[in-house]
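> Predicted model and sequence below, questions to follow.
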Amino acid sequence: MSERISVWVALSALVLAFACSSSESASRTTEGAVRTSPRIPSGTSAAPEASASSAIGGGQPNNDQAAAGTGAPSQVTPPPDTGLGECGMIQILPDITYTPGNLLVIFDRSISMSDPFPNRRSDTSRLHNAREAIKTALQPLTCPDETTPDSPACNDPINVALLTFPTYDGVNGLSFTGGGPAGPPPMDGSDAGMMAAPRGLSCTVDGLESDEQIPWQRATEFVAAFDPFWDSRMLIDGAPFYNGMYPLIYGTPISVAFARADEALMDTSIVGNKAVLFLTDGEETGDCMGGDVIAFAQKWHDMGIKTHVVSLAEAGGQGQAFNDMVAMAGGTMQSLYPADSTSLTAEISSIVVENRGSVMCEVTIQDAKLTHTTMACEGGRVLVQSTKVPCDQVNKTEGFYVKDQQTFVVVGSYCETLQAGEELQADFPCELIAPD
């Protein structure tokens, strides 16, 4: 999902001035067009009136203004012919392009997620801690309550989807029949006190469009839907139920979950950077034949989609080698094993922030082009709220960079400042500007 927000609307005091570096220039805007004065070569001077006159496309230097120390009229050497008419005159499309990141959470819903976390002495389950960590991590990126959903302040920098596994297949899993000692599972994770349906290992994982999942939504909507998604399965004495069915199910069909995740990630309607957060406490069980998990992670990584693996099991268990291989193939190098709920929240928060996607403020140049991207970034000058924005052509996370010959991008906190309605100014050397 992407939104295009007109700078003219969002930035009421906007001035986009494309001038030639190393000169003092005046500018004005006319229906999105920006006109700037020609460059004054070093060693010469011009009166302010001359620059202002040139800035609007006409006029001559005021020869009544004497050159300093001589009393003679100042001589302004015309700039080289660039084919652009006035040097540096550029038309721009003053839009901010806002494209949030996209995070797919693959959430282990196997029966072992009812085990205590982080250890047997705990009184909360792995499921509970994972739920709370996700909500806490996303909350800072949601729309403030006092703003309207369509306001610029509500441009959540991330979209989120939840893919749980396994999902109930109507046969396998746990069922509370209501007879005998049926009730919430004891915190030691055993099956005592429960009457179970046939205990085959479920290989079922519903697609992202089913009611057992949460489809792609902006962070605000996702957080609003997250608790009702689980609470609709009823919470009895802290143990989750769903119409008599325990929503934590026998089986850990990771391969099928990754196959469904691949379908969700290949959805071409999802625009922007994508990443995967794989939350689990074990490794594949049964023979579900969903596909090669490592191959999926590698495929996604080759497409620029990282896979973050966070385990709620104890470090050093038999599943860690598998999780590390998934993380390695997914470009995050190793799986994470938080030691407690605080660490779990911190790890997930870091993943969310990393993949929120830099909110990009793109400026498109029309009828002209920058001839060299790296030199234009290093030699150009971009100001946000009168503060110089650093060139960040390598990392492209905090500053500005030249995307291509007709686009430069402001990212990070500088773009957020622009979204708040502050002023943007820019100029590039004339020798780096050519007609389109």
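Structure's in. What do you need? Residues are numbered from 1 along each chain as shown.

> So which bits of stretch 372-383 are buried?
373, 375-377, 379-383 (16 or more other Cβ atoms under 10 Å). Heads up, the C-betas are built off the backbone N, CA and C, glycines and all.

> between those residues, which is closest to Gly291?
Thr373 (39.6 Å; Cβ to Cβ).

> Now that closest one: closest residue in space, sequence neighbours ignored.
Val402 (4.1 Å; Cβ to Cβ, 6 or more residues apart in numbering).

> Thought Lys396 was touching that neighbour, still the case?
No. Val402 is beyond contact range of Lys396, at 10.2 Å (criterion: Cβ atoms under 8 Å).

> The two: who's more crowded?
Neighbour comparison, Val402 and Lys396: the larger count goes to Val402, with 22 against 15 (by other Cβ atoms under 10 Å).

> Relative to Lys369, how far out is that one?
Distance, Val402 to Lys369, using Cβ to Cβ, to the nearest Å: 10 Å.

> Quickly list the domain ranges of this protein.
According to automatic domain parsing, the chain comprises the domains 3-97+361-435, 100-354.

> where does Gly58 land on pLDDT?
We have a pLDDT of 33 for Gly58.

> Met360 too?
Reading off the model, Met360 has pLDDT 70.

> tally of neighbours for it?
20.

> Could you find the closest non-adjacent residue to it?
Val409 (5.1 Å).

> quick one: secondary structure of the one you found?
The assignment at Val409 comes out as strand when based on DSSP: H, G, I helix; E, B strand; the rest coil.

> That one and Ile305: what is the separation?
21 Å.

> what bridges to Arg381?
Beta bridges link Arg381 to Asp427, judged by DSSP bridges.

> Pull the contacting residues for it.
Counting by Cβ atoms under 8 Å, 6 or more residues apart in numbering, Arg381 touches 21, 388, 426-428.

> would you turn those into a markdown table with neighbour count, distance to Thr268 and pLDDT?
As requested, the contacts of Arg381 are arranged in a markdown table below (neighbours: other Cβ atoms under 10 Å; distance: Cβ to Cβ, whole Å; pLDDT from 0 to 100):
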| residue | neighbour count | distance to Thr268 | pLDDT |
| --- | --- | --- | --- |
| Ser21 | 16 | 41 | 45 |
| Lys388 | 13 | 39 | 94 |
| Ala426 | 23 | 33 | 84 |
| Asp427 | 24 | 38 | 84 |
| Phe428 | 26 | 35 | 84 |
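
> Out of those residues, which is nearest to Met328?
Lys388 (40.1 Å).

> Around the nearest residue to His301 once chain neighbours are set aside, how many other residues sit close by?
Excluding its sequence neighbours, the residue lying closest to His301 (Cβ to Cβ, 6+ apart) is Gly331, at 4.2 Å. Number of residues near Gly331 (other Cβ under 10 Å) recorded here: 17.

> ok, Gly331 to Gln298 distance?
9 Å.

> and if you look at Gly319?
Distance from Gly319 to Gln298, by Cβ to Cβ: 19 Å.

> what comes into contact with whichever strand or helix holds Glu263?
Per DSSP states H and E, Glu263 falls inside helix 254-265. Residues outside helix 254-265 that contact it (Cβ under 8 Å, 6+ apart): 104, 106, 108, 161, 163, 165-166, 203-208, 216, 270, 274, 276, 280, 283-284, 288-293, 296-297, 299-300, 305.

> and if we set it to 6 Å?
Identification of contacts with helix 254-265 by Cβ atoms under 6 Å, 6 or more residues apart in numbering yields 104, 106, 163, 165, 203, 205, 207-208, 274, 284, 288, 290-291, 293, 296.

> still on that earlier bit, want to throw the contacts of Arg381 into JSON lines with distance to Gly251?
What follows is those, written out as JSON lines (distance: Cβ to Cβ, whole Å):
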{"residue": "Ser21", "distance to Gly251": "64"}
{"residue": "Lys388", "distance to Gly251": "57"}
{"residue": "Ala426", "distance to Gly251": "57"}
{"residue": "Asp427", "distance to Gly251": "62"}
{"residue": "Phe428", "distance to Gly251": "59"}
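
> Restricted to strands, list the contacts of helix 254-265.
Judged by DSSP state E, strands contain the following of the contacts of helix 254-265: 104, 106, 163, 165, 274.

> which phi and psi does the nearest residue to the second one once chain neighbours are set aside have?
The one in question is Ile106. Excluding the flanking residues, the one nearest Ile106 by Cβ to Cβ, 6+ apart is Phe278, at 4.7 Å. Dihedral angles of Phe278 (phi, psi; degrees, to the nearest 10) stand at phi -100, psi 110.
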